[in-house]
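# Need a 3D model of the following:
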Amino acid sequence: MRTTILITSSGPNPSPANGRPLTTFEMFIQFLQAFLFAILAAMFIASGLRGSH
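The predicted structure is shown next:
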């Protein structure tokens, strides 16, 4: 018995579910979300390292 496993990955898919390409505005919003997440995560980690409580 032979089992074949097919794994396909095209990486993170930048297109929405309907398959159309992203507009510039949508790409800008995604950039803002990533930037804010990084800033908030950095602030959270820094507050834990500082230990000011």
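
# how about the strands in this protein?
Read by DSSP state E, the chain holds no strands at all.

# Closest to the centroid, which residue in it?
Centroid-nearest residue in the chain, with Cα atoms, centre = their mean: residue 34, separated by 6.6 Å.

# ok, it to residue 22 distance?
14 Å (Cβ to Cβ, to the nearest Å). C-beta here means a position set from N, CA and C on the backbone, and glycine is covered the same way.

# same thing with residue 51?
Between residue 51 and residue 22 the distance is 41 Å, computed by Cβ to Cβ.

# Could you check which of those two has the larger neighbour count?
Shown here are residue 51 and residue 22; by other Cβ atoms under 10 Å, residue 22 has more neighbours (13 against 6).

# Can you list phi and psi of the more buried one for me?
Backbone torsions of residue 22, given as degrees, to the nearest 10, read phi -70, psi 150.

# Could you pull out the buried residues of stretch 25-45?
Neighbour counts using 16 or more other Cβ atoms under 10 Å place no residue of stretch 25-45 among the buried ones.
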